[in-house]
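1. pasting a predicted model and its sequence here:
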Amino acid sequence: MVKVECPRCGQPGYIEKHNVNGNVYLYVVHGYGKKRTKCYIGPVDSYSHAEWLLSLGLTNIHDIDYLVVAENALIRFIGNVKLKRMKGDEGKVEAREKLRIAEKKLREYLEEITRLREEVEREVEALAQV
């Protein structure tokens with residue numbers, strides 16, 4: 001069991017899945033034995049936030065490493081595109097369009113990241129000169 005911080009109450013606990021009538025729901029369980037309490041997180045299948053919470057490790061929003069989130073999102077995107085291109089000609093066309101859009105957006109973000117890094121480097125160098 002991996003300990004997590006509950007996004008609802010902030011208390012430590014662990015993730016538990018419950019299958020009810022064919023639907024899977026997520027809870028964070030606090031305590032052990034007879035003194036257990038649960039915080040409802042959401043359905044896994046129809047609640048996209050719940051799936052992301054699993055991949056993020058259920059931490060407080062202030063503790064999220066957004067670079068890790070972005071990397072996980074890109075890994076999922078690439079996997080999704082690979083699956084699409086295996087679905088025949090129509091999937092290949094859709095994959096190509098998604099890749100074109102992603103490439104354009106990522107170039108824009110990379111340019112912004114580069115500009116920001118250069119600004120921060122200049123600021124740090126100025127601090128060292130004081």
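-> Thanks, I have the structure now. Numbering: from 1, shown residues only.
2. quick one, what contacts the spatially closest residue to Asn23 that is not a sequence neighbour?
-> Once flanking residues are discounted, Asn23 sits nearest to Pro43: 5.7 Å by C-beta to C-beta, 6 or more residues apart in numbering. Quick note: C-beta positions are derived from backbone N, CA and C, even for glycine. Taking C-beta atoms under 8 Å, 6 or more residues apart in numbering, we find Pro43 in contact with Asn23, Val24, Tyr25, Leu26, Ala50.
3. wait, which of those residues is closest to Lys84?
-> Ala50 (23.7 Å; C-beta to C-beta).
4. show the pLDDT at the closest one.
-> In this model, Ala50 is scored at 48, pLDDT.
5. mind giving me the packing neighbours of the helix or strand containing Ala128?
-> Assigned by DSSP states H and E, Ala128 belongs to helix 88-129. Packing partners of helix 88-129 (3 or more C-beta pairs under 8 Å, 6 or more residues apart in numbering; DSSP states H and E): helix 66-85.
6. and the helix it packs on with helix 88-129, angle?
-> Taking axes from the mean of the first three to the mean of the last three C-alpha atoms, to 10 degrees, one finds helix 66-85 and helix 88-129 inclined to each other by 160 degrees.
7. quick one: mean pLDDT for helix 66-85?
-> Regarding helix 66-85, the rounded mean pLDDT is 84.
8. kindly report the same for stretch 103-114.
-> On average, stretch 103-114 scores 96.
9. report the buried residues of it.
-> Of the residues in stretch 103-114, none count as buried by neighbour count, 16 or more other C-beta atoms under 10 Å.
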